[in-house]
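*Asks:* From the sequence below, what's the structure:
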Amino acid sequence: MINPRIDTLLEHVDSNYASVLVAAKRARQINSYYHNLGEGTFDEFPPPMVDSASKNYLTIALEEVASGKIKYQYR
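*Replies:* Modelled structure (predicted):
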């Protein structure tokens, strides 16, 4: 079972494909943020924008998309 649900994600993105791209990119940013915390160079990547019980970066990214914290622009 995916949490958050796909229909919730589709309220904030245009398609399933867009939700995958946005969430994958954000998950990489969250991974880099936590990786750089020990080095003290975390200015490049913003921290997670939602409080999550999950430690999975992709789940955190999907929760950010579902809450409307992530915006994207299709050219």
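*Asks:* any idea how far the residue nearest to the spatial centre of the chain is from S32?
*Replies:* The structure's the chain has its C-alpha centroid closest to A61; by C-alpha atoms, centre = their mean the separation is 2.0 Å. Distance, A61 to S32, using C-beta to C-beta, to the nearest Å: 12 Å. Heads up, the C-betas are built off the backbone N, CA and C, glycines and all.
*Asks:* For A24, the count of nearby residues, please.
*Replies:* Residues within reach of A24, counting by other C-beta atoms under 10 Å, total 14.
*Asks:* What residues sit buried inside whichever strand or helix holds it?
*Replies:* A24 belongs to helix 16-37 when elements are defined using DSSP states H and E. For helix 16-37, burial by neighbour count (16 or more other C-beta atoms under 10 Å) applies to 18-19, 22-23, 26-27, 29-30, 33.
*Asks:* could you dump those residues to TSV with distance to Y57 and pLDDT?
*Replies:* Output for those, formatted as TSV (distance: C-beta to C-beta, whole Å; pLDDT from 0 to 100):
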residue	distance to Y57	pLDDT
A18	19	90
S19	15	90
V22	13	93
A23	10	93
R26	8	95
A27	4	95
Q29	9	93
I30	4	94
Y33	9	90
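*Asks:* which of those sit farthest apart?
*Replies:* A18 and Y33 (22.5 Å; C-beta to C-beta).
*Asks:* Just give the closest residue to S32, not the sequence neighbours.
*Replies:* Of all residues not flanking S32 in the chain, F45 sits nearest, at 4.9 Å (C-beta to C-beta, 6 or more residues apart in numbering).
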